[in-house]
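J.: sequence and predicted structure below; questions after.
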Amino acid sequence: MKRSGRIGTYQLCLTAMAVAVNIAGGQIALLLRLPVYLDSIGTILIGALLGPWMGMIPNLLSGIFMGMTVDIYSLYFAPVGMVTGFMSGLLMSGRPVKGAGLFLTALGVAVPGTLVSSLINAVLFGGITSSGSAVLVQLLSRTPLGLTGSIFAVQILTDYADRCISIFAVSALAPLAAAQLRGRITGE
């Protein structure tokens, strides 16, 4: 089956599952006050399987849902997830990620999102958000780095760790799908 420009039932269901995974991961990280976010596993999965444009959808939807129900900060950081989904689609689509490539791919996915999230965090919130990393930002803001520098330093560390965990999870789970199911999901 050739890949068409339409979104099929399998892609739609997988995207809905990715939104649920993002919400569950984000809630676990928020509840445990972890310095990582865990809200991009589903986004990276969709980016890796369906490409960069589809990779932008899950975090947009989960950001809207979380922003309206539980954590208003998720709504403001939805563009970060969209950048993450786009970059994961560019870097992972159709390619298995193994070994040291996982860390390089995580860096390629993390840096653009970190730039966006640092700007959002500094301009809109002054470094104070609901994540566990806000404590680190406040501690470092009194150093010569200043507020913006400390936000970027903490964001790059936490985003990179989060993307490594997420890409590892996707790399471990994606090959488990049967070949026929993978063909239906990707539309091939």
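T.: It's in.
J.: centroid residue for the protein?
T.: residue 40 (2.8 Å; Cα atoms, centre = their mean).
J.: now do the contacts for that one.
T.: Contact partners of residue 40, counting by Cβ atoms under 8 Å, 6 or more residues apart in numbering, are 22, 25, 59, 81, 84, 85, 162, 163, 166. All C-beta atoms are positioned from the backbone trio N, CA, C, and that covers glycine.
J.: which one of those sits closest to residue 36?
T.: residue 162 (4.1 Å; Cβ to Cβ).
J.: go ahead and confirm the closest one touches residue 34.
T.: No: assessed by Cβ atoms under 8 Å, residue 162 is found out of contact with residue 34, at 9.1 Å.
J.: who has more neighbours, the two?
T.: residue 162 (26 against 17; other Cβ atoms under 10 Å).
J.: show me the contacts of residue 40 that map onto helices.
T.: 22, 25, 59, 81, 84, 85, 162, 163, 166 (DSSP state H).
J.: got JSON lines for the residues you listed, with distance to residue 125 and pLDDT too?
T.: As requested, the ones in helices among the contacts of residue 40 are arranged in JSON lines below (distance: Cβ to Cβ, whole Å; pLDDT from 0 to 100):
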{"residue": "22", "distance to residue 125": "21", "pLDDT": "95"}
{"residue": "25", "distance to residue 125": "21", "pLDDT": "93"}
{"residue": "59", "distance to residue 125": "18", "pLDDT": "94"}
{"residue": "81", "distance to residue 125": "17", "pLDDT": "95"}
{"residue": "84", "distance to residue 125": "19", "pLDDT": "98"}
{"residue": "85", "distance to residue 125": "22", "pLDDT": "97"}
{"residue": "162", "distance to residue 125": "18", "pLDDT": "95"}
{"residue": "163", "distance to residue 125": "21", "pLDDT": "97"}
{"residue": "166", "distance to residue 125": "23", "pLDDT": "96"}
